[in-house]
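Novice: test case, fold it:
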Amino acid sequence: QVVKSLLAHLAVLASHGCDHADLVPDNQSRLVYPVADLSHRSDDLVPDDRRRDDLFVAAEIYPYIRPAYGAVVNLYHNLVGFAGRLRDIFYPYVFNAMVYCGFHFSHLLGAPAPGVAVCPVNGKMISMKSRAPIIVIFLCAFSCRLLCSAPASLYFTPDKRTEQVILDLVKSAEKSICIATYSLSWDALVKELNGKKGVRIRIISDSAPPGGLLNSEVRVMSGNFLFHPKIMIIDGLISVVGSGNFTESGFRRHHNHFLVFSDRKMAGFLSRKFDSWWLGEKNDVYYDDGRISIFFSPENDCSKVICDRILSSKKSVNFAVYHFTSVEIARALVKRRMAGVTVSGMVERGSIEPYSVYGMLANYGCRVRKSNMAGYLHDKFMVVDGEFAISGSYNFTVAARKNVEVVMVIRDPSLVLEFMEEWKRIWRWKSLP
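Specialist: Numbering: from 1, shown residues only. Next up is the predicted model:
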């Protein structure tokens, strides 16, 4: 009887936890069924027209549903990952082909005239007579942007595929590898770095990395702050930015995310930022290409960046964060909650006390949960209205304002969707009220 009661209670929690935040009324989000009452299976004792028999049926099928659901989710993520790899491979070729076609259509539309342009693909001089050719080129390039978003992929841990992606990037390096991290203690990565010959490897860390690094230049940051970014730059072409340190536990135990960008402009910006850290120079600029914005603490007011995005929300705010002690960010969430916006989030259970704003958010009607996984919930991301995401190394704390941190504001619809899907998954299966 006790076992059946516990199973029924778990089924109720699962059924209410699987709903999207926007679909669960606030007066039901904290609905609890006392386990002791579940022993009474008489139909005339059921409150709110709910039948106890339904609960026991749910408890019996629950162990069979969950593996099936997990298999479907894994298949979905495999397909998304495969599609992302295809996109990364074929994007440059599709873009070049469409621009090439655009220039040759321009040549057909415009007769020879004093103005000429250089085709970026083959270097040929193309005559330009009017605005019509320029419009055709723009439409071709814009169509390519719509069909193939710029190469960017999102990976989560713990997952062996994510480990392999990072190691493969290191293997592919031909000129340089730059790593900025809080800590580095991953044997597989150290082995790959030691195997690189003729590649300049520079590492900046808050603490001394393991002594096994042979071919790397290492700088250890010191001061009354934490050096806390998680960035890797390969050959000035590929950038990796995430929430996880380059450690064994960061990839195999804790829940983190890593964004991989194949964007020369972004990699160039991050390389210059890395150089400023390496040389001890100040660099207070930020990056914005209309799709991705990158800010750094303490040069930029990252707390204000996050609050401004929260205050712009109209429907929902969903977050998953390791530490949350910032009253400023909590107040912004409460303001939007009082304005009717659905606020839902998860906090690492080990960081709830003593200064967490977890209780404050719960008291004001925000739907908050504690993580329930083997490792830490080490992410620092937020999805606002399902339209843009905030990511990076910045914990929602007061101390983060003086630490060296990175914050990304992401407007790429495919990346935002992947963040939201992963948020739903860990909300359903990896958290508890």
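
Novice: and stretch 352-370, how far apart are its ends?
Specialist: 8 Å (Cα to Cα, to the nearest Å).

Novice: who's in contact with it?
Specialist: 21, 24, 26, 29, 323-327, 329-330, 333-334, 337-338, 342-349, 427, 431-433 (Cβ atoms under 8 Å, 6 or more residues apart in numbering). Heads up, the C-betas are built off the backbone N, CA and C, glycines and all.

Novice: just the buried residues from the residues you listed, in PyMOL please.
Specialist: Of those, the buried ones can be selected in PyMOL as follows, counting by 16 or more other Cβ atoms under 10 Å:
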select buried, resi 21+24+29+323+324+325+326+329+330+333+334+337+342+343+344+345+346+347+348+349+427+431
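
Novice: my read: S312 touches V384, true?
Specialist: Yes - assessed by Cβ atoms under 8 Å, S312 is found in contact with V384 at 7.1 Å.

Novice: of these two, who's got more company?
Specialist: Ranked by neighbour count (other Cβ atoms under 10 Å), S312 and V384 place V384 first, with 24 against 12.

Novice: show me what contacts the more buried one?
Specialist: V384 neighbours (Cβ under 8 Å, 6+ apart): 309-310, 312-313, 316-317, 390.

Novice: please list all residues in contact with the residue nearest to N224 when sequence neighbours are not counted.
Specialist: What sits nearest to N224 in space, not counting adjacent residues and going by Cβ to Cβ, 6 or more residues apart in numbering, is K402, at 7.6 Å. Under the criterion of Cβ under 8 Å, 6+ apart, the contact list for K402 reads 224-225, 297-298.

Novice: could you single out the nearest of the residues you listed to L214?
Specialist: Set against L214, the nearest of those by Cβ to Cβ is F225 (29.5 Å).

Novice: neighbours of that closest one, how many?
Specialist: Residues near F225, counting by other Cβ under 10 Å: 17.

Novice: same check on the one 4 residues further on?
Specialist: Each residue near P229 was counted by other Cβ under 10 Å, and the total is 27.

Novice: that one reaches S183, doesn't it?
Specialist: No - P229 lies out of contact with S183 (Cβ under 8 Å); the separation is 11.7 Å.

Novice: quick one, what contacts A399?
Specialist: By Cβ under 8 Å, 6+ apart, the contact set of A399 is L226.

Novice: and the gap between it and G350?
Specialist: Counting by Cβ to Cβ, to the nearest Å, the separation of A399 from G350 is 17 Å.

Novice: could you do L237 as well?
Specialist: Separation of L237 from G350 (Cβ to Cβ): 38 Å.

Novice: next: K265.
Specialist: For K265 relative to G350 (Cβ to Cβ), the value is 39 Å.

Novice: so where's the stretch 101-250 of the chain shaky on pLDDT?
Specialist: Scanning the stretch 101-250 of the chain for pLDDT under 70 picks out the ranges 101-150.

Novice: how about the helices in it?
Specialist: Per DSSP state H, counting those that start in this stretch, the stretch 101-250 of the chain carries helices over the ranges 131-147, 160-172, 187-194, 248-252.

Novice: circling back to that earlier point, most widely separated two among the contacts of V384?
Specialist: Checking the contacts of V384 with Cβ to Cβ, the most distant pair is S316 and I390, at 13.7 Å.

Novice: more neighbours, these two?
Specialist: In this view S316 and I390 are compared by other Cβ under 10 Å, and I390 has more residues nearby, 24 against 19.

Novice: I201 contacts E217, doesn't it?
Specialist: Yes - in terms of Cβ under 8 Å, I201 counts as a neighbour of E217; the distance is 6.8 Å.

Novice: between these two, point out the one with more neighbours.
Specialist: I201 (19 against 11).

Novice: tell me the contacts of the closest residue to V317 other than its chain neighbours?
Specialist: Closest residue to V317 apart from its sequence neighbours, by Cβ to Cβ, 6+ apart: V343 at 4.9 Å. V343 sits next to 316-317, 333-334, 336-337, 361, 365-367 when contact means Cβ under 8 Å, 6+ apart.

Novice: among those residues, which are in helices?
Specialist: 333-334, 336-337, 361 (DSSP state H).

Novice: of all those, which two lie farthest apart?
Specialist: With Cβ to Cβ as the measure, no two of those lie farther apart than R336 and L361, at 11.4 Å.
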